[in-house]
Structures are given as structure tokens and as C-alpha cells.
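Asks: Predicted model and sequence follow; I will ask about them next.
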Amino acid sequence: MKSNKVVSKFFIYILLIAVTITMIFPFLWMLSSSIKFDRDIFIFPIQWIPDQPVWSNFIDIWTRIPLATFIYNTAKITLIVTLLQLTTSSFAAYAFSKLEFKGRNLLFVAYIATIAVPWQAYMVPQFIMMRSLGLNNTHLAIILLQAFSAFGVFMMRQFYQGIPDSLIEAARMDGMNDYQIYYRIMLPLSKPALSTLTIFTFVNTWNDFLGPLLYLTRDELKTIQIGLRMFITQYSAEYGLIMAASVVVLIPVLVVFLSLQRHFVQGVAAIGVKG
Amino acid sequence: MNNKKRFLAGVGLLSAGLMLGACGNGGSDDAEADGNVTLTWSLWDTESTVYYEPLVEAFEAEHDGVTVELLDLGSTDYQTVLGTQLSGGDNKIDIVTVKDIPGYSSLTNRNLLEPLSERAQDVDLDQYAGTVEQITIDDEFYAVPMRNDFYVLYYNKSIFDDAGVEYPQNGMTYEDYDQLMRDVSEKATESRGEKIYGGHYHVWRSQVQLYGILDGENTLVSEDYSFLDPIYEMAVSQQEDEIVQDYASLKTSNLHYSAAFYQDNVATMLMGTWFIPTLQEAISSGESQEFDWGIAKMPIIDGAEEGSTGGTMTSLGVSSNSQNKDLAYEFVEFVTGEEGAQVIADTGTIPAIQSDEVINKITSIEGFPEDEQSKEALETTNVYLELPLDENASEVETILNESHDNIMTYSTEISDGLKNASEQVSALKE
Amino acid sequence: METQMKRDSLKKRKLKERLTAYSFIAPNFIGFAIFTLGPIFFAIMLAFHQWDGSNDMTFIGLDNFREMFGDDRVKDALWNTIVYVLATVPLTLACALFLATLLNSKIKGRNIFRTIAFFPYVASLVAVAAVWNMIFHPVNGPINEILRMIGILDPPRWAADSEWAMFTLVLFSVWKQMGYYMVIFLAGLQGVSEELYEAANLDGAGRWGKFWHVTLPQLRPVTFFVLMILTINSFKVYDFVYMITQAGPGTSTLVLVYEIYNTAFLNWNLGYSSAISMLLLGLVLIVTLVQFLGEKKFTNQ
């Protein structure tokens, strides 16, 4: 019996190591490419540790493009979007999940249906509208674009479905109004779900490309993903610098993930418990 | 303006507040009180393009109170971003850089460029060596060429020396070139003891297809592409014999053509003249391996005149929604004129006006190969664009790219691939 | 009189509740309606027009749809999208579930392993796609070298071969996103009560039996959520295709959104592009509806 357990543990670790290798491959390659000359990056056999490491790539990325500004812009947009997304989604999800009102189902279906429309289909009308509001070349445009996604509402609603209605009723008996219930009961209970949404929103906004590409054409407003493109010009592509910058901008995302990971796991547990 | 109103009406049904906001912004915002005018010029790669600043400075010096602002829309996605920025009749951009023919045809289809023939009455169009004709639709043109790059054959002299093979000659045919590639590849591989490629086709369709139109008999918007058959036969067989690197490998590995050439294992490569300053710079900075290089004219097919080559054109137009069309046109005329050409040539880039003086300037820049033949290689007789002007240029471009991709990855037989492209283009014409 | 008052107060309460509900929804809904719903309605309208984003719009009725049904490119794209969804959804689901179960075991360094598994999802697509293309390089890639070593002399040319390109794309998608869905499953697993496992132990159930009879049924709601989102996202695939195959070779991996993007931003045929989007929207709605009904039926049983 015991040896059986050891064997199965052994297999689990073998599997885990295999998975780890598959998953960590890109990161190792990114790291190794970030200290290479451009001409050596796409050459076979893959050289994992370059003969002459080009450490200067990590200095050049800060001077060749205003990377610090880009990081600042991205961080600013990401933080605001995440905050807005969290508050408005959890707020709206409360109504969808715990309150009766006319048109609830219709409205909810409308929310879900919009997830199914590819953004590419309405990007141009959306752009023209934003511009007519004077929002072209503003961070506000990106924020407004990202902050009110249907996904957030859907997810939070699924989570709230898992919180028993009896809890709400009891609170009402105690004389709490809905705002108090939301603030004192739902929010604390949904901390884990909020962390989940935080990660998803954070990663998406941080890595967003098309939105900033269309809306932000001035250097002082651009975000990281657009900045990375600046290393690809009409006649050259500096992949060494792209990889170095990619490594740098990955760090904040990893920090956020690691610090929220514990909640993250507990949070999703409740999603869709009641379908 | 009508379409904008319609759009607003449509959205207005959904949100009255939005309507208000939109109309509030409807007024013009460029009539500045102090008489100063700002022109906005859309372009790409401001950092790495050295001639933008001097051009702007020279123009501003001649025009008091005029500021030219550079609007960098990035090179990779230029057409997408420009198309979006100009949509809905926006007037923020005054001067538009047109990147290629599909871009030009999309802008003119959408009436986004101002017709220029009347404004350019006094301009000698002959100095553009026929390129203006290539972008004329119904006697009207909407942009003037600023840069005219054309293809030349770059070769690595060191590899040829090691192989003991004679350098590529001006006026070679494509068959000669095929032979030369095979020859130098075999001998150099032997003498160097490592794999040396005789040539290099970057993944662009034009790298192969351009040869087919050098005799002026056919164009690349066609309902019968069988004329490309012999070219593809040779290119595919070079690839099969590993005389050139495998297309599929290059495509999946993202290898840039410059990186391929810098490896010092590629003997020849057909590339645009824009690569001249880049190569000089790369060798002196150490980004490239060190070797001697030269250029020769693009190989031609039977029936083509020597000096025929393929080319790309960058041109300037005036946005039809600009509020300062006259001034914007003045800028266009300045940049595309003799004076602008000098400024561009000073930076080692080939402008659209290619006078002897301009060519001399390019060839005398340090690092340019010193042999006579390399200098002669810059003399052209006919320059054919990668795609002729056509209403459906961007659709045709997609079709040609897909066929090239299919053929070079062996996904389809050459004749089937070309037949398929012919059928698709014919269908567009209906 | 009293009943009247009661009815009034009930009405009042209902009205109050409704107003409260609206006030909860408003902050999100106003933004959502203006910036997403509005443009989407506009796009729907656009499907019946011809428009290049600059000249006047012309109403052309159903012409776009008629053209679409005779368009070979759209047919190819539709077929490829369906194949992609059919392959990606079950594979991703299975891999994510497997990974989640694996990483739910009580092992040392579990958090590190979890973070690593999430890695492909957070890393920048440009970098990740570049390394993937290197590894699956048709000639010199490590994968093909290994295959040759074990005696497969003519290994597949992966993304460069029209027969294998879709498979390569599916493989990449599964690998790139399974960490994301794994986390959701992992979380679901935390909700499975220990007691059920203990009961199963008493019944002498094996590892597999426990998974089949305890874990899976308990995970059903989570699986449903994953299935919905995964299906919708797979129908909308664009950037993976752009990075791995550019719809090639030829049109062998051309998917609907790729065609939508090209029609809109290369050809500036916005009406037609909207019409294709409506096709996609219809398809997604039908499939999610079936999933929804299926789930309901399953739950009722």
C-alpha cells in the first residue's frame, strides 16, 4: 500500500516536471533572446546561453523608446479600468442576481450576447463615436472602452448566485437596505471573486493591443504593447529589444498574480454553483 | 459631412446625450486666431527615418507661422490606423503619406485624397520617370511620389571570392542568375565547409513574382497568371535543392531578411534600395558580420530591357478633409520637388526624382561599394510597381499572397495555384 | 380599504425595489450601452448597408448576405472556424481539467507549479508565438529533431503545411489558454467537499472511480461556465491565427474573424464585414443556446 503511494507520487512529479518544462519554455527563450543580437535570435540550433550576452539590450530599451512613460501610462489605465470594472460589475451583478425587476432577463441576455460579437465588427463605428466625443488620443477612451465589459458582470453574477438568498432575506429583516447588504455582506463575501476579476482584467488591459493602437497615436500617451511595436520598423525588426522589454513588463503581471493567487483560487470556486 | 450626420443620427437613436456631445464638438478647431497654422503629416518610423526633420525644418523656414507636426502611426499597422483615423470625414490630418498601391487605391476609393492634377499643372511630371502615370486614374492623380525605391541584387563579395566564382553581372537573365546561385552555393559550401546559400528569397510574394512582369507584357492584376509559371518552377526547384532557404522555415521563424544577409552565409539577395544605408550601418556597427558587398541590377527575363526592375513607391497626398489644402499641397510640392529630393538624398535614401546629381550623392556616401558596376546598378530603365493600380488592389494583394504562400509551402501545384489565383481575380472583375 | 392600502404598499415596495435595482445597474449599464451596445447596434444596421467608412452609406437590403452565401472565402472561413472550435474546446477543457486535478494534489511547491502553468496565458503573445514557431519549426525545430531521432524520418511541417496548420494552431491555442481555464477548475475543485471523497473511499472506489463519481458531478456548474466562455472565445479566435499562421498556408487556417478584420481594415467594406459578423453572432448564439438547454436538461435529470 505504501509503496503504491510512493509510486503514484513519483508519477505525479514526473508529470509535473513535464508540464513545467512545456510551460516555462517560452520564458527561458525570452530571457535568452533578450541578451542576444537580433541576427542570432531566429537561428538554429537554438542557443540557450549566448556566447556574447548583449546585456546592453536591457539599458537600450529605456533610452530607445520612452519605456518608462509607456509603463506609467499602462499602469494608470490598467489600475483605473480594474477599479471601475470591479465596482460597476459587482454593483450591477447584485441587481441581476438578487433583485427582481422588469426586463432583468432581457437585459442580461443582451449583456451575454455582446460577448459573442467580435470587436473587429464594431471597432470603426465605435472609434468615430469616441472621436466625436473628443476622446481620440486620450486615455479616457481606452478606459471607457475597457471598463464596462459584459464579462465582468456575467462572472460576478455567477458568483452571487452561489450566495444563498436566505442570507439576504435575514439581512433585510434586520432592517438593512440593499446598499448596506451589498456593502456589508456581498462585498466581503465576494472578496475572492473580486480578486479573480482583478487578475483577469489586469492581464487583459495590460496586454491590450488593438485599442491603444487605434486611439493613442501620440508618443506621450502610448502603452507598452504599442511601444513594443516601435522596435519593428519598416526595414528592421529588433527582436532582442522586444524580448528584453517583454521580460521587464511581465514582472508587474506576475507580481499581481502571485499576490492575489490565494484569493483567486477560492474566488472562482463559487462561480456558477447554482448555474 | 452627410455620412457623419447619418452616423450621428443612427447613434442618436440610442443615446440623446451622445448626440449632444457629438454636435458640441462639430465646430472647426484649426482656425487659429493668431494666423498660425499647424499642418499634420501622417507617417511612420519617425525615429529611424532621418529625413523627416530636415524636410520639415526647410519648409518651416520658408513659411512663417507654419508648423508641421509629425503624426507617427507606426509602420506595421500604418494602413489600418490611417484608414481608421481618416474615417468619418475627420480633418485632423492634412498631409498623408501613402505607403503602397493597395493603400493608395483604398484611400482613393474612399475619396479621402484630394485630386492634384490641377494644382500640379506647373510641375514637370516627367522627372518622376513615369511613376505618376502608374498612379493615375481617369486622368487624375491623388498623390505625388516622394521616394522611389527599386530592387537591386545585393551580393556578398567575400563568399564569391572564397568560391572562386565571378560576381553577378548587370544585365543577367533570371536563368543566368539561377545558374549562378547554384554554382556559388556549391563551391562556397565546399570551400568554407559550412552551408552557403546561393540566394535568398524573403517571404514577400514580390520576391518571385516581380521577375514575371519585367518585360512589360503582363501585370500582376491579371486574369491569367500562367506567365508566372516558369519563374515559380525555377524558384521552387532552387528551394527543393536547398540553394535558397526554405520559404516555410523563414516564414515561421520570423527571420528578417537583413538578419539572413548579416549571417554571411547568403551569397545574393534581391532587395530594395532602402537596404543600402541599413547595410552600411549594420556592418560598421557590428550588427552584421563583416564582409565586402556589392550590388548589381535585378536579373531580367527574356524580352525585358536591361535596367528593368521592380519598385515600390512612397508618395504624398493631401487629405480631402483637410482645412488647409493649399498649404498642405505646398508642402507636398516642396517635399516631392527638386529641393526635397536633395534633402532626402543627403541621408542616403533614394528620392522619387532621380537626377544624376542625386545618384552621385548616394554612390559617394561612405561605405557604398566602390566598383563601377555597383554604381551602374542604380541606373534604371523601367520600374514596375509591385502591384499596378486597380480598384480591387487590396483584394488582389490578398489573393496573390495566398497563392504565393500555397505554392512555396508545396500546398498546391504551381499551375493549380496560379489557376486558382486567376479565377479569383476574374471573379472580382465581374 | 385595508387591502387597498396593502396593495399600495406592495406596489410601492415593488417600485422601490425596481428603482434600487436600476440604480445598481446604472453605473455599468450607462457605460456599457454607450460604448458597447450602441456601436453594436450600429454594426447590425451596417450589415444592411454598403459603407467604406467615409463616403455616404447606401442601404442595400440583404445584398451583403446574398453575396456572403456565394463567397468561397467566407465558406472556407466558416468551415475552418467550426473545425477549430470542435477541436479546441474539448481539448482545452480536458487538458485544463487534467492539469487542475494534478495541481490539486497535496504536493510540495504547488503554488509555484500553478503559477508556471498560468504562465503561457499572461506572457506577451508576440514572445510566446515566436518561441512556439521556433520549436515547431518545419526543418530545424527541436520537435522535429526529436521525431527524426525516434525514427520518423519525414516529420510534419506543422504550420507550414496546409494539412497540419490547423492542428498546429489548435495545439498552440490549447497550450496558451489551458492555464487560464485550469485556474477556474482548480477553484472549482476547492469546493468539492472532503466528505464525499471519504465516503467514496469507504466504498472502495479507486482514483478513477472517485474522479468519475465525485469530482466530475461536483464540477458541473464550473464546467458549464468554462464551456460557455471557451466556446465563445474560440469562435472569435483572431490573434492566435494572426501570430501563428496568418491564415495560411493559402487559406487553410482562415477563420471568420480574420476575414472580418481583413474585409473591414484592408478592403474597407464595412457593411460586408458586419454581415459576416452577424453570421458569426448567429452561430455563437445557437451553439450557446444549445449548451444552455443541454445543461438545464442535464441538471434536471
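Replies: Arrived safely.
Asks: The residue in the stretch 201-350 of chain B that chain C sits nearest to: neighbour count?
Replies: Closest approach between the stretch 201-350 of chain B and chain C, counting by Cβ to the nearest Cβ: B:A248, at 3.0 Å. From N, CA and C alone the C-beta is placed, and that goes for glycine too. Neighbourhood size, B:A248 [other Cβ atoms under 10 Å in any protein chain shown]: 25.
Asks: which helices and strands does the longest strand along chain B pack with?
Replies: The longest strand of chain B (DSSP state E) is strand B:144-156. With contacts defined as 3 or more Cβ pairs under 8 Å, 6 or more residues apart in numbering or on different chains; DSSP states H and E, the packing partners of strand B:144-156 are helix B:131-134, strand B:268-272, strand B:293-297, strand B:309-318, helix B:325-336, helix B:338-346.
Asks: got the contact list for the fifth one?
Replies: When contacts are taken as Cβ atoms under 8 Å, 6 or more residues apart in numbering or on different chains, the neighbours of helix B:325-336 outside the stretch itself are B:37, B:39, B:41, B:55, B:58-59, B:62-63, B:66, B:68, B:94-95, B:114, B:116, B:119-120, B:123, B:144-146, B:315-319, B:322, B:340, B:352-353.
Asks: Going along the chain, name the helices of the stretch 101-250 of chain B.
Replies: Remark: helices assigned in the stretch 101-250 of chain B by DSSP state H, counting those that start in this stretch are B:101-109, B:131-134, B:157-163, B:174-192, B:206-209, B:229-240, B:247-253.
Asks: how about those, which one is nearest A:D165?
Replies: The closest of the helices of the stretch 101-250 of chain B to A:D165 is helix B:247-253. By Cβ to Cβ, the value is 54.7 Å.
Asks: quick one: pLDDT of the residue nearest to the spatial centre of chain C?
Replies: Centroid-nearest residue in chain C: C:N233, 2.3 Å away (criterion: Cα atoms, centre = their mean). The model reports C:N233 with a pLDDT of 92.
Asks: Skipping its backbone neighbours, what lies nearest it in space?
Replies: Using Cβ to Cβ, 6 or more residues apart in numbering or on different chains and skipping the chain neighbours, the partner closest in space to C:N233 is C:Q177 (7.8 Å).
Asks: What of B:N36?
Replies: B:G65 (4.5 Å).
Asks: Would you mind measuring from the one you found to B:N91?
Replies: Using Cβ to Cβ, to the nearest Å, B:G65 is found at 19 Å from B:N91.
Asks: burial count for the spatially closest residue to B:T309 that is not a sequence neighbour?
Replies: Distances taken as Cβ to Cβ, 6+ apart put B:M298 closest to B:T309, at 4.2 Å, once the chain neighbours are dropped. B:M298: 26 surrounding residues under other Cβ under 10 Å.
Asks: The one 3 residues further on too?
Replies: By the measure other Cβ under 10 Å, the count of residues near B:I301 is 18.
Asks: correct me, but it touches B:L214?
Replies: Yes - B:I301 lies in contact with B:L214 (Cβ atoms under 8 Å); the separation is 5.5 Å.
Asks: What segments of the stretch 51-200 of chain A are helices?
Replies: Using DSSP H, counting those that start in this stretch, the helices of the stretch 51-200 of chain A run over residues A:57-64, A:67-98, A:104-115, A:119-132, A:139-147, A:150-161, A:165-173, A:178-181, A:187-189, A:191-206.
Asks: quick one: buried residues of the shortest one?
Replies: Same thing as helix A:187-189. Judged by neighbour count (16 or more other Cβ atoms under 10 Å in any protein chain shown), helix A:187-189 contains no buried residues.
Asks: which residues are contacting that helix?
Replies: Counting by Cβ under 8 Å, 6+ apart, A:S90, A:I163, A:L194 sit against helix A:187-189.
Asks: So for it, mean pLDDT?
Replies: Helix A:187-189 comes out with an average pLDDT of 83.
Asks: do the same with the fourth one
Replies: Per-residue confidence for helix A:119-132 averages out to 89 on the pLDDT scale.
Asks: ok now that helix, how far from the chain's centre?
Replies: 22 Å (Cα atoms, centre = their mean, to the nearest Å).
Asks: Same question for the third one.
Replies: Put simply, helix A:104-115 sits 23 Å off its chain's centre (Cα atoms, centre = their mean).
Asks: could you dump it to CSV, C-alpha only?
Replies: Extracted in CSV, the C-alpha atoms of helix A:104-115 (Å, rounded to 0.1, in the frame of the first residue of the first chain):
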residue,chain,number,x,y,z
ARG,A,104,-34.0,41.6,-16.0
ASN,A,105,-33.6,38.6,-18.2
LEU,A,106,-33.7,40.6,-21.4
LEU,A,107,-31.0,42.9,-20.2
PHE,A,108,-28.9,40.0,-19.0
VAL,A,109,-29.2,38.2,-22.3
ALA,A,110,-28.2,41.5,-24.1
TYR,A,111,-25.1,41.5,-21.9
ILE,A,112,-24.2,37.9,-22.7
ALA,A,113,-24.9,38.4,-26.4
THR,A,114,-22.5,41.2,-26.7
ILE,A,115,-19.7,39.0,-25.6
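Asks: which secondary structure elements does it contact?
Replies: When contacts are defined as 3+ Cβ pairs under 8 Å, 6+ apart, helix A:104-115 packs onto helix A:67-98, helix A:150-161, helix C:2-32, helix C:270-300.
Asks: and these, which is most packed in?
Replies: When those are scored by mean count of other Cβ atoms under 10 Å in any protein chain shown, the highest mean neighbour count falls to helix A:150-161 (a mean of 24).
Asks: List the buried residues in the helix or strand hosting A:S32.
Replies: Per DSSP states H and E, A:S32 falls inside helix A:2-33. For helix A:2-33, the neighbour count (16+ other Cβ under 10 Å) marks A:L16, A:V19, A:T20, A:M23, A:F25, A:P26, A:F27, A:W29, A:M30, A:S32, A:S33 as buried.
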